[in-house]
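>>> here is the input, now give the coordinates:
(one chain, ligands or ions: 2)
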Amino acid sequence: MESTINPDKKVVHVAVGIIKREQDIFICKRPDDKHQGGKWEFPGGKVEKGETVTQALQRELIEEVDIHVQSSSPFMEIHHDYGDKAVQLDIHLVEDFSGEPIGLEGQQGQWVAIDKLDNFQFPAANVPILAKLIELIK
Ligand SMILES: Nc1nc2c([nH]c(=O)n2[C@@H]2O[C@H](COP(=O)(O)OP(=O)(O)OP(=O)(O)O)[C@@H](O)[C@H]2O)c(=O)[nH]1
Ligand SMILES: [Mg+2]
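Ligands and ions are numbered 1, 2, ... in the order given. I've put the predicted structure just below:
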C-alpha cells in the first residue's frame, strides 16, 4: 500500500528573502523549467553543505538579484511537501541591503505593494507568508 508519509524523504532546505522597502516587496518569476516553474517567488535558494542560512541567503541574493544583504531577521519557517519534493523554507526579512534588485538570471522581477501580492500566483507553501505580510501593514 502506498503511504503519503515517507520518513526517508529528503527535505530540501531553502533560504528565502523577503526583500522589503517601505510597503513594497521585490518578487521574481520562477523559470518555467524549474520546480513550481512559472509561479512568483521570494528570491532565494538551497542552503549548501557547510553554510548557515544567513550565508546562503547572502550568496543567493547576490547570484539571483544582485543585492548585498547587510542584515536580515528571521520571519518564519515553513515545512511543505509538494509530493514530488519536500521543502523547509527558512524565510528572512531583508530590509537592510545595498544595490538595486534585478533579475540577474534573466527572470522577471518587480516591486509589488504588499496589499497587491495576492494578484500574483505563488507556490502553495507560500500561503502563510502572504498572510503574515498582510498583518504587517494592518
Ligand atoms: N526561492 C524560493 N523557493 C521557493 C519559494 N516557495 C517554494 O515553495 N520554494 C521552493 O523551494 C525550492 C527552492 O529552490 P530553488 O530552485 O530556488 O533553488 P536554487 O536557487 O538553489 O536553484 P537551483 O534549482 O538552480 O539549484 C524550490 O523547490 C521551490 O519550489 C519561494 O518563495 N522562494
Ligand atoms: Mg532560487
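>>> dump the residue contacts of residue 106.
Contacts for residue 106 were tallied using CB atoms under 8 Å, 6 or more residues apart in numbering; they are residue 31. Just so you know, the C-beta spots here come from the backbone N, C-alpha and C atoms, and that holds for glycine as well.
>>> my read: residue 85 touches residue 12, true?
Yes - using CB atoms under 8 Å, residue 85 is in contact with residue 12, at 6.3 Å.
>>> for the longest helix seen in the chain, packing partners?
The helix that spans the most residues within the chain, counting by DSSP state H, is helix 53-65. Contact partners of helix 53-65 among helices and strands, from 3 or more CB pairs under 8 Å, 6 or more residues apart in numbering; DSSP states H and E: strand 11-21, strand 24-29, strand 44-46, strand 68-81, strand 86-98.
>>> return the list of strands paired to the first one, each annotated with direction.
What that stands for is strand 11-21. With DSSP bridges as the test, strand 11-21 is paired with strand 24-29 (antiparallel), strand 44-46 (antiparallel), strand 86-98 (parallel).
>>> and the last one with helix 53-65, angle?
Per axes from the mean of the first three to the mean of the last three CA atoms, to 10 degrees, the angle that strand 86-98 makes with helix 53-65 is 80 degrees.
>>> quick one: strand 86-98 near ligand 1?
Yes - on the criterion CB under 6 Å from any ligand atom, strand 86-98 is in touch with ligand 1 at 87, 89.
>>> what inclination does that strand have with respect to strand 68-81?
With the same axes, to 10 degrees defining the directions, strand 86-98 sits at 160 degrees from strand 68-81.
>>> distance between strand 86-98 and the chain's centre?
6 Å (CA atoms, centre = their mean, to the nearest Å).
>>> only the buried residues of whichever helix or strand comes after it, if you could.
Following strand 86-98 in sequence order, the next helix or strand is strand 109-113 (DSSP states H and E). For strand 109-113, burial by neighbour count (16 or more other CB atoms under 10 Å) applies to 109, 112.
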